[in-house]
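Enquirer: Curious how this folds, go ahead:
(2 chains, ligands or ions: 1)
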Amino acid sequence: MGEGSLVVDNLVYLTAAVICVPIAARLKLGSVLGYLAAGCIIGPFGLDLTKDPQATLHFAEFGVVLMLFVIGLELDIKHLMKLRRPIFRGGTVQMLACSIPLFVFFFVIRLPWEAALVASIALGLSSTAVAMQTMAERKLANTGLGKTGFALLLFQDIAAIPLIAVVPMMASAEVSGDSGWLVAGKALAAVVLVVLIGRFLTRPLLRIVAQTGLREIFMGFTLLLVLGIALLMAASGVSMALGAFLAGVLLASSEYRHALETDIQPFKGLLMGLFFIAVGMSIDFGLLIEQPLVVLGLLGAFSFIKLGMLRWIAGPLEIPAKQRWLFAALLAQGGEFAFVVFGVARTASVLPAPWDGLLTLTVALSMALTPVWLIAHDRFLTKRNENQRDADTIEDDSASVIIAGFGRFGQIVGRLLLASGVKATVLDHDPDQIDLLRKFGFRVYYGDATRLDLLHAAGAAKAKVFVLAIDDPDTSVALVDTLLEAFPGLKIVARARNVPHYYELRNRGVDIVERETFESALVVGRAALSALGVGKYEANERANRFRRMNIGMLERMLPHMADEKRRVEMAKNAMNELERQFAHDMRTLSEHGDLSWHNPTYSRD
Amino acid sequence: MITVLFAHPYPDRSRANSRLLKAISDLDQLEIRSLYERYPTFDIDVEAEQTALRVSHTIVWQHPMYWYSVPGLLKHWFDKVLVRGFAYGEGGVHLLGKRCLWVTTTGGDLTAFTSGGLHAHSFSSFVPAIEQTARFCGMEWLAPIIVHGAHKISDAALDNHALNYRNLLQSLGR
Ligand SMILES: Cc1cc2nc3c(=O)[nH]c(=O)nc-3n(C[C@H](O)[C@H](O)[C@H](O)COP(=O)(O)O)c2cc1C
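Expert: Residues are numbered from 1 along each chain as shown, chains lettered A, B, ... in the order given. As a prediction, the model looks like this:
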């Protein structure tokens, strides 16, 4: 493949995706089906525009890797421990429930038993890519279904390791390569290495990289980290995705979590798309045309068994009654691991010749069938329970206050809140601050606060109050624009650097804006007055009056701020007004002051 | 220790109260706490106030009469400092048996405080709310020092009140 063809290939993928995915989304078919269709169209049986679907598929698996990394980032160890039971119990139940009937089926249609065993276990696995993507699109991640589904997929990823390791050993022919023990040992060593790297090395490294302040270097380092770990795992026979997941979990409790997440997100999305395109491309329509009945028979039997068994175990796995068919539909496809297993099985000649192709095709078709099941599910089953959601399963652990900018200003705000028992989420881009703050129970995230994805990650959609304490007026105003557009319900409390900044914010409709030097200057002014012999209380009254006047004047000028001349004029008048006000104060306070009370204007006689 | 809680928002423009205060300011074992100077924004340091009360045997409330009562900050001081557990209720024994002296100046003179006068009632009808505040906290209520007609009263008469005040505190201090 020359360099030219790489560019052309990418051009083809992007064009196909850009055309097909919006159409699929418009038709409410989900993006997965759009990508798959794009793959079919440009693949060898469509327009035949690209060179090597298998190589593409291989490359695009990094999409799955990145996805698991991101999933890992959202689950810290504590969370994971809570999921232990669903993962191991649920995972075992699911694998047994799906694989045993499949094994019987393959045995009945006369596959050799080793082949039947490998095929049935491989087909018991579901597609993490398809299922997770769909769950994310349907915002199911925090529901009962989402959690169980995720646990099962995770178990499958773990189960795939021994499967891929064991298949070559089942070969009757002698196969070059390592013994089973060696494989297991290597896998274990790799996992330990990843844990060590994740725990002790990455945080300091991330910190150093973050301190450079170069976003693209941070992003590059993130990709390097994930891909490096993935390849390390792959080299030792462990699933790349599992390695990435592990790395994610280890970084989940770090302050860089959201920055990592937001940086990986676009790559993940694109590569996942590419993955689905590659699956579409690798669908062997030739085989389908040659042996339509065999293929459709296999697909039908496979889907029937898997859908049925999943639906059957949904109850015992505590999937809410209303989501049981959805659960079955989401996980009924074959997974990307099946491709790998079939590949290994073929080279190890465990799977006889026509079957590897047939089964691979079945898996690819079953993935394409997933959106169809979902559409059918929505059509026929959701009408009845559209408005019902199990609210109690939705977790909300996000803070209700977000503070952007945690310098000298934001810190005071944050500490006041903390002292009142409110734990705020803090966004800042200074790594030095962050370490310290985490010790005091703040949720601190490193990153550029104006980024919408980071805001989402920090929980801006659920927060009640957003404290805008960033010092740079341009950044602050840009952030306000983003917030107003994306989270219109959020209450913004803002720090203004100076009067023009105050106007920028107020003109945008931010209700609470405080000039950063105003209050402290008033306090100093008050102190000066009382040092001159004015009573403290009276000095305070004067400061209060001054504040009222000043803010009143600012607010009156608000509508005229576009007009420069008008502004100057009003500023002049305001001075006069202040002067007049003070003259009035002096007069009333010095003539009678508070002593005038004993002489009420009315008289009783 | 005698603690004088002095509540005048504009002490530099006071005639009557500043004269009274001046007369006692050099006494030993006496602390004047000027509330409006200490807490110009009304954020009373309750603990500091209670500590001051704990170490005193006599507590003086001195202020001009405002609206038949105490100035706002002194009222706020009542609300914040004289709380359950300190001044009354369970454990609220810290003022028990202490003496309370009320010193106040009024704009109205004696004729104003008659049924036909500007204030329509005798001055004694305005005393109970303050007196009972002290008694509720278990304090001994001393005969108050009242200066009527604070603007009209002659310097000599005012100085007489001031001397009275000084002598009383001095005798209480012993
Ligand atoms: C807000 C206010 C309320 C007052 N209410 C009363 C009152 O109810 N009865 C009264 O006799 N004098 C009243 N006065 C007059 C004050 O008691 C009088 O000005 C004060 O005692 C003078 O003392 P000074 O020279 O220390 O300020 C009031 C004065 C003010 C400013």
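
Enquirer: I'd guessed A:G334 sits against A:S126; true?
Expert: Yes. Applying C-beta atoms under 8 Å as the test, A:G334 and A:S126 come out as touching, 7.4 Å apart. Placement of C-beta: from N, CA and C, glycine included.

Enquirer: Report how many residues lie close to A:L416.
Expert: 11 (other C-beta atoms under 10 Å in any protein chain shown).

Enquirer: Quick one: residues contacting residue 65.
Expert: If you meant another chain, say so; for now it's chain A. Going by C-beta atoms under 8 Å, 6 or more residues apart in numbering or on different chains, A:V65 touches A:V226, A:L227, A:A230, A:M240, A:A241, A:G243, A:A244.

Enquirer: my bad, chain B
Expert: B:T104, B:T105, B:T106, B:G107, B:F126.

Enquirer: Any chance of JSON lines for those, columns neighbour count, pLDDT and distance to chain A?
Expert: Converted to JSON lines, the contacts of B:M65 look like this (neighbours: other C-beta atoms under 10 Å in any protein chain shown; pLDDT from 0 to 100; distance: C-beta to the nearest C-beta, whole Å):
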{"residue": "B:T104", "neighbour count": "26", "pLDDT": "98", "distance to chain A": "14"}
{"residue": "B:T105", "neighbour count": "25", "pLDDT": "97", "distance to chain A": "10"}
{"residue": "B:T106", "neighbour count": "23", "pLDDT": "96", "distance to chain A": "8"}
{"residue": "B:G107", "neighbour count": "22", "pLDDT": "93", "distance to chain A": "3"}
{"residue": "B:F126", "neighbour count": "18", "pLDDT": "97", "distance to chain A": "15"}
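
Enquirer: can you tell me the helix or strand for residue 159?
Expert: This is for chain A. Under the criterion of DSSP states H and E, A:A159 resides in helix A:144-170.

Enquirer: nope, chain B please
Expert: Assigned by DSSP H and E, B:D159 belongs to helix B:155-173.

Enquirer: So which of the contacts of A:V65 sit within helices?
Expert: A:V226, A:L227, A:A230, A:M240, A:A241, A:G243, A:A244 (DSSP state H).

Enquirer: out of the residues you listed, which are buried?
Expert: Using 16 or more other C-beta atoms under 10 Å in any protein chain shown as the burial test, the ones in helices among the contacts of A:V65 include A:V226, A:L227, A:A230, A:M240, A:A241, A:G243, A:A244 as buried.

Enquirer: Wait, the first one touches A:I264, no?
Expert: Yes. With contacts defined as C-beta under 8 Å, A:V226 counts as touching A:I264 at a distance of 6.9 Å.

Enquirer: Touching both of the two, which residues are there?
Expert: The contact lists of A:V226 and A:I264 share A:L66, A:F69, where a contact means C-beta under 8 Å, 6+ apart.

Enquirer: In helices, which of the contacts of B:M65 fall?
Expert: Judged by DSSP H, the contacts of B:M65 include no members of helices.

Enquirer: sec struct for the closest residue to chain B within the stretch 201-350 of chain A, please.
Expert: Chain B sits closest to A:E255 of the stretch 201-350 of chain A, with a gap of 36.1 Å, by C-beta to the nearest C-beta. Assigned with DSSP: H, G, I helix; E, B strand; the rest coil, A:E255 falls in the coil class.

Enquirer: buried sites along the helix holding B:D159?
Expert: If you call a residue buried by 16+ other C-beta under 10 Å, then helix B:155-173 has these buried ones: B:L158, B:H161, B:A162, B:Y165, B:R166, B:L168, B:L169, B:L172.

Enquirer: Take those and lay them out in TSV including distance to chain A and pLDDT.
Expert: Shown next, in TSV, are the buried residues of helix B:155-173 (distance: C-beta to the nearest C-beta, whole Å; pLDDT from 0 to 100):
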residue	distance to chain A	pLDDT
B:L158	15	97
B:H161	17	97
B:A162	19	97
B:Y165	21	97
B:R166	24	97
B:L168	26	97
B:L169	24	96
B:L172	28	93
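
Enquirer: what about residue 133, neighbour count?
Expert: Defaulting to chain A. 25.

Enquirer: ah, no, chain B please
Expert: Count around B:T133 with other C-beta under 10 Å applied: 19.

Enquirer: Correct me if wrong, but it is in a strand.
Expert: No. Assigned with three-state DSSP, B:T133 falls outside any strand and is helix.

Enquirer: Would you agree it is in contact with B:F78?
Expert: Yes. If you go by C-beta under 8 Å, B:T133 and B:F78 touch, sitting 6.2 Å apart.
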